[in-house]
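Below is the sequence, then the predicted model.
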Amino acid sequence: MSVLVTGAGGAIGGAIVARLLAQGRAVVAHDMRAPATPVDGVRQIVGDIGDQAALTDELTQLGVELEAVIAAHGVDGSAALIDLEDAFVRRVMTVNAASLPRLLRAVRPHLGAGAPFVVVGSQAGLVGESDNAAYCASKFAVHAWALAERDDGVVIRVLAPGCTETPLLYAAQERFANAQGVPTQQFVDARRARIPLQRFARVEETAAATVYLAGTDGPRPRLLTASGGEVLW
């Protein structure tokens, strides 16, 4: 039995893969690009997350049975509302939200009864954020779909992490700072200060919370917020 991780080439996805391997679990990693260096214990699928037929074929060819799926893929959607272009919004919504039902349909034949289907959402899907409307909308859609969906035999769960130390986060912080006309470091320091824990999460922490939701050895919440206390629901 294996765990499928999408977005495995990203910072959080890569940390999730590493944690699963440390637990001795077999991993199938999906990403748009092949890794520079193959990893022992990981079978790789390269392709578009929106291509349901191709993913189904790849899983069939690998001959894997899945004990869990972790959807960790996603793209940044930060931009001022007035600057949003239709094509940009469509891409953010398609990759972050519309891909999920396609992914579920693709993996459903390979999932065992009661298998967890875990989605990495965001605290941005729980509260609105300035200059981040497209991303917030996509993550609100993720949470709404995942929490309302009912699929016999599959347990859908959502992690809503707060700020996690990734290149994606810092690139967004720089854009936010530029939009407000303040130095990036000043903006980042102020952002950290709003978090009761007074720091951003490490990727290993967000990965640990995600893998916890992918467990089958006891009850788990449908939605888990891991934001350092910034967002409690």
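Thanks, I have it.

How about residues contacting the longest strand along the chain?
Using DSSP state E to define each element, the chain has its longest strand at strand 154-161. For strand 154-161, the surrounding residues in contact (C-beta atoms under 8 Å, 6 or more residues apart in numbering) are 12, 104, 108, 111, 114-123, 125-126, 139, 142-143, 146-147, 149, 201, 206, 209-210, 213-214, 220-227, 231. Yep, even glycine has a C-beta here, placed from its N, CA and C like the rest.

among these, which ones are buried?
Buried residues within the contacts of strand 154-161, counting neighbours by 16 or more other C-beta atoms under 10 Å: 12, 104, 108, 111, 115-123, 125-126, 139, 142-143, 146, 201, 206, 209-210, 213-214, 223-227, 231.

List the ones among these that fall in strands.
For these, membership in strands holds for Ala115, Pro116, Phe117, Val118, Val119, Val120, Leu223, Leu224, Thr225, Ala226, with DSSP E as the criterion.

Among the residues you listed, which one lies nearest to Pro35?
Comparing these against Pro35 with C-beta to C-beta places Val120 closest, at 19.1 Å.

In space, what's closest to the closest one - neighbours in sequence excluded?
Ala72 (4.6 Å; C-beta to C-beta, 6 or more residues apart in numbering).

distance of the residue lying farthest from the centre of the chain from Phe187?
Computed with C-alpha atoms, centre = their mean, the maximum C-alpha offset from the centroid of the chain is found at Gly181, amounting to 29.8 Å. Counting by C-beta to C-beta, to the nearest Å, the gap from Gly181 to Phe187 is 10 Å.

Leaving out sequence neighbours, find the closest residue to Thr184.
In space, Thr184 is closest to Ala177, 4.4 Å off (C-beta to C-beta, 6+ apart).

The one you found sits in which helix or strand?
Using DSSP states H and E, Ala177 sits in helix 167-180.

Quick one: list the elements packing against that helix.
helix 184-193 (3 or more C-beta pairs under 8 Å, 6 or more residues apart in numbering; DSSP states H and E).
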